[in-house]
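Novice: pasting a predicted model and its sequence here:
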Amino acid sequence: MSFDHRDPGTDPAVWTTFLAGLDPDRVDLRGTGSVVVVAPHPDDETLGAGGLVATAADAGIPVHVLLGTRGERSHPDSPTTTPAALAERRGAEFRAALRVLHPTATATELDVPDGGVREHAEVLREALVRRLAGAVRPTLVVAPWRGDGHRDHRVAGEVAEQVVAATPGATLLAYPIWAWHWDAPPTDADARGADAADAAAAAAAMPWSRARALHLAAAVRDRKARALDAHRSQTRPLSPAPGDEAVVDARHAAHHLRAEEWYFAPVQSRSRESFDAHYARKPEGWDFEGSWYERRKRAMTLAALPRERFRSALELGCATGVLTTALTERADDVLGTDLAAAALERARRRAPSARFALAAFPGEWPEGRRDLVVLSEVGYYLSPDDLDRTVDRVLDTLDDDDGVLVACHWRHADDHAVSDGDTVHTAIARRWPRPALVQHVEPDFVLTVFPGAAVPSVARAEGLVG
């Protein structure tokens, strides 16, 4: 995604009309033990969560802000200042704004390079883990929405999702900042749905089905406005010279000074309980053996494998073991995993030469290196964060010299799914270090082979070409 803060962006009045028609769940801080705010840059804490911080102060709830960078690259073309000077100035502005919002709030300033949160993600991760370890439960973590369009915001949001998901007693809300600028309210056509080819392109649009709103009292709104005013390097031009323009001008600020603050709840992967309930109703799960669609898709998946034989195959989400059985004819060792115990009981009977493990990936992951990983009809049950983590796990699992990931997914709507096949394959391709070896798309499913390394020519190996 590419946008420029100097562009006019979406008119705040357009958002006002759209937001007035929503009836979101409300953010309620009653019973919250503490709040932790993740802010990649000075002013993110105010723009995205200033009202929540001030509301927490009025309720006597402790707040800690993890500030990732000092925002020294906010004016890269300035002829009147330097990144070092901006870092010092913006750090002081951050502290002043926080005092306005919550006089007793504490903060950790990590001093990661502006624009470098991805390269220093572990610094943020470790700081958040440490902070949550001693935080009063239940703890609310607020962080940037991962789809916000700014790389630092995306990575900070991803880190927060991962840490909170692994922390009992912690919940997460994500705040948008630049999405107000580059996105626009959905139209009636959007609500009816685009075709599948457009679905991946629209995946980053603001997820209004998961929106949450915090009503801001008049006094809280006033404090938020005063806190934003403390960030003068951002809300006012540094000088009349080109390159010194305000980053958060009045038009941008209007998005954040409403009577409500808006957040998004994270997507949750489909639960183990839901799959257990499914297999209790339908012991065979889906009609894997009787359906011509399933049999044809399985044959095409096997035909797409770039080698005749593999040493060790891992099938993620093996269900009742129908594809697993076919994989045992192509690999010396096959391990199937699933999070439904009933499915695995059938899989063991169907494929006695394979091994099976009850595991919910990506959190539960088998040890060992593989030269084949199969992800078939399960990726769209994963939250975006869990899918990203799964891809990272696969990359760590595959042998460097000849490993491959084969992914195959249904392209139609599924009421129980988090996303769809096109979205899953686009997300994998975005993180995968090499181009796809095979890409097959038809109305019902998408099949992709992602190589872990350069794949040799089969024809050359058999001497069919020189």
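Specialist: Noted; the coordinates are in hand.
Novice: what about the helices in the stretch 201-350 of the chain?
Specialist: Ranges of helices in the stretch 201-350 of the chain, per DSSP state H, counting those that start in this stretch, are 218-230, 232-235, 250-254, 272-281, 292-303, 322-327, 341-350.
Novice: quick one: mean pLDDT for the fifth one?
Specialist: In other words, helix 292-303. Average pLDDT, helix 292-303: 96.
Novice: now the longest one
Specialist: Over the span of helix 218-230, the pLDDT mean works out to 98.
Novice: who are the packing partners of that helix?
Specialist: Here helix 218-230 touches helix 44-58, helix 83-101, going by 3 or more CB pairs under 8 Å, 6 or more residues apart in numbering; DSSP states H and E. Placement of C-beta: from N, CA and C, glycine included.
Novice: go again with 10 Å.
Specialist: The contact analysis (3 or more CB pairs under 10 Å, 6 or more residues apart in numbering; DSSP states H and E) places helix 218-230 against helix 44-58, helix 83-101, helix 232-235, helix 250-254, strand 260-264.
Novice: number of nearby residues for the closest residue in space to Ala39 that isn't next to it in sequence?
Specialist: Of all residues not flanking Ala39 in the chain, Glu45 sits nearest, at 4.0 Å (CB to CB, 6 or more residues apart in numbering). Counted with other CB atoms under 10 Å, the neighbours of Glu45 add up to 30.
Novice: check contacts around Glu45.
Specialist: Going by CB atoms under 10 Å, 6 or more residues apart in numbering, Glu45 touches 37-39, 52-53, 63, 65-67, 94, 97-98, 101-102, 105, 107, 142, 175, 227, 231.
Novice: can we see that at 7 Å?
Specialist: 37, 39, 53, 65, 98 (CB atoms under 7 Å, 6 or more residues apart in numbering).
Novice: now, which of these sits nearest Gly147?
Specialist: Checking these against Gly147 by CB to CB gives Ala39 as the nearest, at 17.3 Å.
Novice: which phi and psi does that closest one have?
Specialist: Dihedral angles of Ala39 (phi, psi; degrees, to the nearest 10) stand at phi -130, psi 110.
Novice: still on that earlier bit, so which of the contacts of Glu45 comes closest to Ser274?
Specialist: Closest to Ser274, out of all of the contacts of Glu45 and judged by CB to CB, is Val37, at 32.2 Å.
Novice: for stretch 120-130, what is the average pLDDT?
Specialist: pLDDT averaged over stretch 120-130 gives 96.
Novice: among the helices of the stretch 201-350 of the chain, which comes closest to Arg118?
Specialist: helix 232-235 (22.3 Å).
Novice: ok so, going back, give the buried subset of the contacts of Glu45 as a ChimeraX selection command.
Specialist: One line in ChimeraX is enough to select the buried ones among the contacts of Glu45; burial here means 16 or more other CB atoms under 10 Å:
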select :37,39,53,65,98
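Novice: now distance to Asp287 and pLDDT too, for the contacts of Glu45, in a markdown table please.
Specialist: Formatted as a markdown table, the contacts of Glu45 follow (distance: CB to CB, whole Å; pLDDT from 0 to 100):
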| residue | distance to Asp287 | pLDDT |
| --- | --- | --- |
| Val37 | 49 | 98 |
| Ala39 | 50 | 98 |
| Val53 | 53 | 98 |
| Val65 | 53 | 98 |
| Leu98 | 58 | 98 |
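Novice: will you turn the contacts of Glu45 into JSON lines that also has distance to Leu302?
Specialist: Rendered in JSON lines, the data for the contacts of Glu45 read as follows (distance: CB to CB, whole Å):
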{"residue": "Val37", "distance to Leu302": "50"}
{"residue": "Ala39", "distance to Leu302": "49"}
{"residue": "Val53", "distance to Leu302": "55"}
{"residue": "Val65", "distance to Leu302": "52"}
{"residue": "Leu98", "distance to Leu302": "58"}
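Novice: circling back to that earlier point, among the helices of the stretch 201-350 of the chain, which comes closest to Ala87?
Specialist: Distance to Ala87, taken as CB to CB, is lowest for helix 232-235 among those, at 10.4 Å.
Novice: out of the helices of the stretch 201-350 of the chain, which gets nearest to Gly21?
Specialist: helix 250-254 (18.5 Å).
Novice: off-centre distance for the closest one?
Specialist: 27 Å (CA atoms, centre = their mean, to the nearest Å).
Novice: now Pro144: closest residue in space, sequence neighbours ignored.
Specialist: Closest to Pro144 by CB to CB, 6+ apart is His153, at 3.8 Å.
Novice: from Trp262, how far off is the one you found?
Specialist: For His153, the distance to Trp262 (CB to CB, to the nearest Å) stands at 15 Å.
Novice: between these two, who's got more neighbours?
Specialist: His153 (29 against 26).
Novice: so the more buried one lies in a helix, does it not?
Specialist: Yes - according to DSSP: H, G, I helix; E, B strand; the rest coil, His153 belongs to a helix.
Novice: distance of it from Ala351?
Specialist: His153 is 45 Å from Ala351, by CB to CB.
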